[in-house]
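**Student:** Have a look at this prediction, sequence included:
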Amino acid sequence: MAVFASIELGVVAGYLVLMIAVGVLLARRNRGGEDFFAGGRAIPWWASGISLYMGNFSAWLFTGGAGMIYRTTGYGLVYFLLTGAVAYFIGSQISAARWRRTRVLSPVEFTRRRFGVVTQQVLGLITALVYLAAAGNQLKALSTIVETMLGVPLATAAVAIGVIVIFYTLLGGLWAVVVTDVLQFVVLLAVSLVIVPLVVALVDGGIGTILGTIAFTIPPVGGDPDHDLHFLIAYLLLLVIGVGGGQGPRFYCVPDERDARKAGALAAALFLTTPVLFAIPPLAARALWGGPDVLGQTIAGPNPHEQVFVVLALEVLPPGLAGVFVAAMFAATMSALSTVYNMVASVLSRDVYPVFRKKVSDRELLTVGRVMTLVIGLVTIGLCLWYVAARKDLFKIMIEIMALSGPVMNVPMLMGLFARRAPRAAALATIAGGVATALVTKLALGWPAGPRIYLTHAACLAIFFGAAWLGRTWRRRCGPLAVVGVAIGTAGALLALMLWLTPNFPGGLPLGAAVAALAYPLVMAALLVGFARKFSRPEDHSEVDRFYRNLDTPVNVAAEVTGSAGSVLGVYRLVGGLTLLMALLTLGLMALELAAPPAAGAQPGKYLLLAAILLLLAGFFRLLARRARGTPGTDTHAPEPHV
């Protein structure tokens, strides 16, 4: 058994070395900041779509996500379908083409052009903090799995994995992120396709018995009482606006508007695989071991439901393939981490650094981007080590962080693509009102997630779209009095809403919470009056006008795409070659097991199944390389703009 533990560790180590090699190889593509942050606008739509899909997966999918489906069955399936396929399709089709036409290199560069420098800096800070907190959580989740499966100390695993992600993101920029996302998708898909039929074979009655465990109830039996219908609707809303406003980097890195829409549609389609690839193993665990009330008899630990996928995978996979399974989880989490590193580095170097240094060359921008990536990676490792010491329920914390920050970050971003009349200060007012609403409804009033997300979105949207009217009204005779009247009415409506939705308000709340809740309507009223005066002031619309002229102008692929056709063909060949290498590695592991069989006997058929899947995928990418011809993207001729 020790031999195979060494094999598993060797497979993971080899995978990490491969990721560094990819970063070194792709570093040659980066001639400047546009290549590092936007891939020269030449990322193929299918690669961007896969990257968009993979950027939202991590080791949590195999632990917390699988545990949610195990506990809630039908409710968990509906949640993942709504927040995955449905949200990504709607959000991407609303905004993808317009994001491509912005011609920006980072979301917060968009914020500066549309809303100004102050809003840029505030939103950049919020973005960096939120994504760094998420990255630390993802790193801890993966490090925990490595500790469990390979016996590596948690802190050591966190540092080692964090350094690896720093290196290949640092060297390769967005090209490294996207190419490794595609490779990781291939590994994840192949291993999951092997695990699913093997798990089904363990259950008497097969797939019919597994499907029989599904029950849809609201709230779900065995789940959180807050997980009601409003939770599903609220998180669908949160994700639709989040994709539309927060996933710009995966839309403006492709050649044109049509490719941007196709990337979003592909990501949505890939999310349809969740019920098959990631839900069947936890549902099979329920059929094999019973419900959450008896699971502790099979799996020890404080949260055994979070281990069902991993335990089942280890049960059906031979030792060598268990290492490949760990590599697949590395793939998913490292994909999400590399996306965060690239995004936050883009924000800090493109949008914060130039504030302190006015003239920055593209070459200097590339250097600064790499330094920022290094700093971000080190901070993420530090956050992970702090999370390890804190021993808190990190999934719930991260859900709350996204509920608090999502509307504040994404409403101005998405609406700024469409709302031409909104004054530049509208985003700053939206952020202030959204933060106040989110904090009071969570920390002071203790509302469930659904109503909190509803009211925060409503406040953000009302402030953003009401800003132009407030400014016009203030300029009229007796306008300030009218605005004050609106503010008083808003305060009264908020107070009535709190009385309606909060039991025993305000007397039943702790003193501090009651004071904060009662102050909230007054703060919102003061915010409306204060910003109305700002909205009424004349503005220089020249930069905003240029911004919207960009949105009205179709992309000229021949003039605007700086990446070469050879770069895209190289992606096909590189991914195909790496997939072939993974297939050969699988066959090598099979040969090693045949030479030194474990106590349970050799299982060459499982290795051959995985190798066959990988060989088919490698052949597919090589075929794409042969069919592609001389332009960026996968098309064989320069496409006309299609809006």
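**Tutor:** Perfect, I can see it now. Residues are numbered from 1 along each chain as shown.
**Student:** ranges for the helices of the stretch 351-500 of the chain?
**Tutor:** 353-356, 362-390, 394-416, 426-439, 449-475, 479-501 (DSSP state H, counting those that start in this stretch).
**Student:** Packed most tightly, which of those helices would that be?
**Tutor:** Among the helices of the stretch 351-500 of the chain, helix 426-439 has the highest mean neighbour count (mean count of other Cβ atoms under 10 Å), at a mean of 23. (Each C-beta comes from the backbone N, C-alpha and C, glycine too.)
**Student:** what about Trp46, how many neighbours?
**Tutor:** 19 (other Cβ atoms under 10 Å).
**Student:** Which helix or which strand is home to it?
**Tutor:** Trp46 is part of helix 45-54 when elements are defined by DSSP states H and E.
**Student:** and that helix, what does it pack onto?
**Tutor:** Packed against helix 45-54 by the contact rule (3 or more Cβ pairs under 8 Å, 6 or more residues apart in numbering; DSSP states H and E) you find helix 87-102, helix 154-202, helix 257-271, helix 319-347.
**Student:** After it, which helix or strand is next?
**Tutor:** The C-terminal neighbour of helix 45-54 among helices and strands, as given by DSSP H and E, is helix 64-72.
**Student:** Turn the helices and strands packed on helix 45-54 into JSON lines, including mean pLDDT.
**Tutor:** Output for those, formatted as JSON lines (pLDDT from 0 to 100):
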{"stretch": "helix 87-102", "mean pLDDT": "93"}
{"stretch": "helix 154-202", "mean pLDDT": "76"}
{"stretch": "helix 257-271", "mean pLDDT": "92"}
{"stretch": "helix 319-347", "mean pLDDT": "74"}
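**Student:** Can you say which of the ones you listed is nearest to Asn137?
**Tutor:** Of all these, helix 319-347 sits nearest to Asn137, with 10.0 Å by Cβ to Cβ.
**Student:** returning to what we had before: looking at the helices and strands packed on helix 45-54, which is buried most?
**Tutor:** It is helix 319-347: most buried of the helices and strands packed on helix 45-54 by mean count of other Cβ under 10 Å, with a mean of 27.
**Student:** Report the helix or strand with the lowest average pLDDT across this protein.
**Tutor:** In the chain, no helix or strand scores lower on mean pLDDT, DSSP states H and E than helix 33-38, which sits at a mean of 45.
**Student:** on that earlier part again, which one of the helices of the stretch 351-500 of the chain lies closest to Asp293?
**Tutor:** Closest among the helices of the stretch 351-500 of the chain, once you apply Cβ to Cβ, is helix 394-416, at 20.8 Å.
**Student:** what helices or strands is that closest one leaning on?
**Tutor:** helix 107-115, helix 117-150, helix 229-246, helix 426-439, helix 449-475.
**Student:** Helices along the stretch 501-643 of the chain, start to end?
**Tutor:** 511-535, 542-552, 557-560, 565-595, 604-627.
**Student:** Can you tell me which helices and strands the first one packs against?
**Tutor:** Applying 3+ Cβ pairs under 8 Å, 6+ apart, one finds that helix 511-535 makes contact with helix 426-439, helix 449-475, helix 479-501.
**Student:** ok, now which ones touch Val122?
**Tutor:** Leu428, Ile431 (Cβ atoms under 8 Å, 6 or more residues apart in numbering).
**Student:** Relative to Phe115, how far out is it?
**Tutor:** Here the criterion is Cβ to Cβ, to the nearest Å. By it, Val122 lies 10 Å from Phe115.
**Student:** what's the overlap in contacts for these two?
**Tutor:** Counting by Cβ under 8 Å, 6+ apart, the residues touching both Val122 and Phe115 are Leu428.
**Student:** Give me the pLDDT value at the residue sitting furthest away from the middle of the chain.
**Tutor:** Farthest-out residue of the chain from its mean C-alpha position, per Cα atoms, centre = their mean: Arg477, at 48.3 Å. For Arg477, the model assigns a pLDDT of 79.
**Student:** Please name the residues that touch it.
**Tutor:** So Arg477 contacts nothing (Cβ under 8 Å, 6+ apart).
**Student:** quick one: it and Ser192, what's the gap?
**Tutor:** 67 Å.
**Student:** can you check Val575 too?
**Tutor:** 18 Å.
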